[in-house]
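Visitor: below is the sequence, then the predicted model.
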Number of protein chains: 2
Amino acid sequence: MRAEIISIGTEIMLGEITDTNAAYIASQLPTFGIDLLWVSQLGDNPDRLRETFNRAWERSDIIFTTGGLGPTQDDLTREMVAGALNEEMYLDKEQEQHLREIMESRGRTMPENNLKQAMLIPSSRAIANPRGTAPGWWVERDQKTFIVMPGPPAEMTRMWEHEVAPELEKRATGILVSRTLKTTGLGEGTVDEMLAPILSMTNPSIGIYARRDGIHARISAKAKTREQAWELIKPVEEQARAILGPTIWGTDDETLEAAVGRLLLEQGLTLGIMEGATGGAIGDVMTNVPGASTYFKGSLVAYAQQQNIAMEVPPEVVSKYGMISRESAEAMATIARNHLEADIAIGVTGIAGNEEIENQAPGTMHIALSNGQQFEYSYSQYYQGRAAAKGRAALLALTLLRKHLMNTDQHV
Amino acid sequence: MRAEIISIGTEIMLGEITDTNAAYIASQLPTFGIDLLWVSQLGDNPDRLRETFNRAWERSDIIFTTGGLGPTQDDLTREMVAGALNEEMYLDKEQEQHLREIMESRGRTMPENNLKQAMLIPSSRAIANPRGTAPGWWVERDQKTFIVMPGPPAEMTRMWEHEVAPELEKRATGILVSRTLKTTGLGEGTVDEMLAPILSMTNPSIGIYARRDGIHARISAKAKTREQAWELIKPVEEQARAILGPTIWGTDDETLEAAVGRLLLEQGLTLGIMEGATGGAIGDVMTNVPGASTYFKGSLVAYAQQQNIAMEVPPEVVSKYGMISRESAEAMATIARNHLEADIAIGVTGIAGNEEIENQAPGTMHIALSNGQQFEYSYSQYYQGRAAAKGRAALLALTLLRKHLMNTDQHV
């Protein structure tokens, strides 16, 4: 099935917003065995919309549009779909009623312009949009499908999940399902070699991807139903898990902070942080996980020069090794552990900016972990801007923490 | 001048990456008076590339492509541009030499496949790419221009800034320049009313935009040269500044944290934070500004229940008013001010998760500021997920701080 996405909006053409809708839809289509061949963006211009819609209706089996469903004269998507199919729009009484009710519930009288949003064509049915006033259109004719959705991402994704995806799944002749295993500590080539015995399979197939948070192995299976596809994945996932073992830290959408949080929770341990150059970024990441308050005690952020000493990093450590050093990071971990009364603590000192400090390069990060008995340590030097340097330090801190928790677990 | 952007990459079509290159280029084109009419994304497929390139060469005056310049057989952009122009590719000796030097400097022998990246056509010249191995192509023929750039955003934006934009500026018959004034504390309608006396102008023209960090007024002028455009903007900017006064907190790309940092620096004041629900996000934002260590002392992040009390929020305040309260936020500001020895401190307590705590709704945030003599306070309740709740609290804290610093300044 040949698919096409068309995103409509003048703000996209002016570069004021990035078209994330197309990427979202693109990521969803493989599940239903739909091949995406064309994506395009257009402003609210009748000639170009007409030309593009006509071409799409000719060459594609299924077309997805987002945007251009507002109540103003600029919003032309409905008119242009009607034009491409050579059908007349009519005011749908049920949609009109629904629209008036929405407006009433908001305490507004309905501008007559808004009636546009209650229009349909003979080949279309309305798709519910509980997050906005504009319903979508599900158009079917000549073995082809035209799915018209609103532009605001919150409205579009809600419509996709609840209305469009279930319908596509019903019609799909095959379903593609994937399981991603996320690893840490291994290079891409190593994962490739380790998985060689199962890499030549075709269904499921396995792909290996280098990502910011490690190497991912994705197992994808195609079958008639979702259940059958999972049955195909299961034994291969078991094989891959046996091969990759504890290098796997998470699956699918799981984040490293969620995976580490799960380990802390399972082991009944609490975490404290003292961070310098990251300015609070590590605490911020840790608290992106619901329920983090059970295991995350807090963070002491010492940013200004001298603040580390004010927070009790021993002056003799600083004068002997420097503030940007393994020894200072270890002292910070100890301080965080004591002050925050945490089982495990991490200390991070480094350089987020683009200038050398204490003869060390921009992006230098010293990361130490303390459990009260011993220290573990990690170092990195990599500079691609402030935010990237801070993000990388957070990633390294989480990786060090996970490694520690995995080892603890084996000793239990 | 009719422009078209074509982004090439199979990962885009699979939804694995979002095409940010097109949005970047789109945002740059208005400066040069270039109208962007078409944007599309395609995989590395010869038939569809050929069809799309042929159509682009026919209908557009200037075409920008990104992606498909790698060394593998999948990378087809060069071949397809050559095809659309019906020209033969040849190996350029100078580019070959350059490529061999790059490889050598990386200590690698050059795979013969990579020679692809040294190819040109008669109508093209190479565009330097110091961040990668693939040069771009600047193609000129029949009054038309075809600009071929690499896909990795770091390579593309570098090439744009240093090579493409200066060349476009030289050729432009008109330059559009904009000045954005960013305001806080006013609604969109109010800014619109206030600027009414100058809103009807056409060159410069003024647009009003509601953004996450306040209402922005953008003054845009078109002229033959950049200097002339700025001359047109200058008096209107002065008028707008006179009207909007101290509600303007920054201009153009300036962030609120940079604007607040500038005020702290000017007034020689230091800042400390104690934050709960935000988990370090406010410290993280403050330290995204180079040089923040001069005025930002640090943050005490108390996340786990009871941690606030451990950090000395008086138990009687918590038992009387609750941890999520104005009084606790004020106590936190006082603690941060004392412990971090800061001139000004901010305390933030609230709910980042989607559950009620102490009978208060998800997204509740209490923000207090202390300068040692008095408190200022801000409150918000708004929930659109954890990250949004934390981000909003950071925005409110910065807004409260700015307001305080502006008042201080008037008293000086």
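Guide: In hand now; what should we look at?

Visitor: hey, let's count contacts and neighbours off CA atoms from now on
Guide: OK.

Visitor: which residues touch the residue minimising distance to the centre of chain A?
Guide: By CA atoms, centre = their mean, chain A has its centre lying nearest to residue A:253, at 7.5 Å. Contact analysis of residue A:253 by CA atoms under 8 Å, 6 or more residues apart in numbering or on different chains lists nothing.

Visitor: host element of it?
Guide: With elements delineated by DSSP states H and E, residue A:253 resides in a region that no helix or strand encompasses.

Visitor: so the residue lying farthest from the centre of chain A, which state does it fall into?
Guide: Among the C-alpha atoms of chain A, the one farthest from their average position, using CA atoms, centre = their mean, is that of residue A:316, at 44.5 Å. Under DSSP: H, G, I helix; E, B strand; the rest coil, residue A:316 falls in the helix class.

Visitor: list the contacts of it.
Guide: Per CA under 8 Å, 6+ apart, neighbours of residue A:316: none.

Visitor: kindly report the same for residue A:315.
Guide: If you count contacts by CA under 8 Å, 6+ apart, residue A:315 has them with residue A:309.

Visitor: ok, residue A:202 to chain B distance?
Guide: Going from residue A:202 to chain B by CA to the nearest CA, to the nearest Å gives 18 Å.

Visitor: surely that residue is within a strand?
Guide: No: secondary structure assignment (three-state DSSP) places residue A:202 in coil, not in a strand.

Visitor: what's the neighbour count on it?
Guide: 11 (other CA atoms under 10 Å in any protein chain shown).

Visitor: can you list contacts of the lowest-mean-pLDDT helix or strand in chain A?
Guide: Comparing helices and strands within chain A by mean pLDDT, DSSP states H and E singles out helix A:307-310 as the least confident, with a mean of 80. Helix A:307-310 has contacts (CA under 8 Å, 6+ apart) with A:276, A:302, A:315, B:297, B:298, B:340.

Visitor: who wins for neighbours among these?
Guide: Neighbour counts for these were taken using other CA under 10 Å; the highest belongs to residue B:298, with 35 neighbours.

Visitor: host element of residue A:250?
Guide: Residue A:250 is part of strand A:248-251, with elements assigned from DSSP H and E.

Visitor: oops, could you answer that again for residue A:332 instead?
Guide: Short version, using DSSP H and E: residue A:332 is in helix A:326-339.

Visitor: by contact count, what packs against that helix?
Guide: For helix A:326-339, the elements it packs on are strand A:271-275, helix A:315-321, strand A:344-350, strand A:364-370, judged by 3 or more CA pairs under 8 Å, 6 or more residues apart in numbering or on different chains; DSSP states H and E.

Visitor: export these to CSV and tack on mean pLDDT?
Guide: Listed next are the helices and strands packed on helix A:326-339 as CSV, based on pLDDT from 0 to 100:
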stretch, mean pLDDT
strand A:271-275, 97
helix A:315-321, 94
strand A:344-350, 97
strand A:364-370, 97
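
Visitor: pLDDT of the helix or strand following the strand holding residue A:250, averaged?
Guide: For strand A:248-251, the following helix or strand on the C-terminal side (DSSP H and E) is helix A:256-266. Confidence for helix A:256-266, expressed as mean pLDDT, is 97.

Visitor: for helix A:256-266, list the C-alpha coordinates in PDB.
Guide: Only the C-alpha atoms of helix A:256-266 are listed here, as PDB (Å, rounded to 0.1, in the frame of the first residue of the first chain):
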ATOM      1  CA  LEU A 256      17.700   5.200  31.200                       C
ATOM      2  CA  GLU A 257      16.400   7.300  34.100                       C
ATOM      3  CA  ALA A 258      13.300   5.100  34.400                       C
ATOM      4  CA  ALA A 259      15.400   1.900  34.200                       C
ATOM      5  CA  VAL A 260      17.800   3.100  36.900                       C
ATOM      6  CA  GLY A 261      14.800   4.300  39.000                       C
ATOM      7  CA  ARG A 262      13.300   0.800  38.700                       C
ATOM      8  CA  LEU A 263      16.600  -0.800  40.000                       C
ATOM      9  CA  LEU A 264      16.700   1.600  42.900                       C
ATOM     10  CA  LEU A 265      13.200   0.900  43.800                       C
ATOM     11  CA  GLU A 266      13.700  -2.900  43.500                       C
END
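
Visitor: and it, what does it pack onto?
Guide: For helix A:256-266, the packing partners by 3+ CA pairs under 8 Å, 6+ apart come out as strand A:248-251, helix A:281-286, helix A:386-411.

Visitor: quick one: distance of that helix to the chain centre.
Guide: Centroid separation for helix A:256-266 versus its chain: 18 Å, with CA atoms, centre = their mean, to the nearest Å.

Visitor: show residues contacting that helix.
Guide: Residues from elsewhere that reach helix A:256-266 (CA under 8 Å, 6+ apart): A:213, A:249-250, A:270-271, A:285-286, A:288-289, A:292, A:294-295, A:395, A:398-399, A:401-402, A:405.

Visitor: and the residues you listed near chain B, which?
Guide: Among the contacts of helix A:256-266, the ones lying near chain B by CA under 8 Å from any CA of the partner chain are A:286, A:288, A:292, A:294, A:295.
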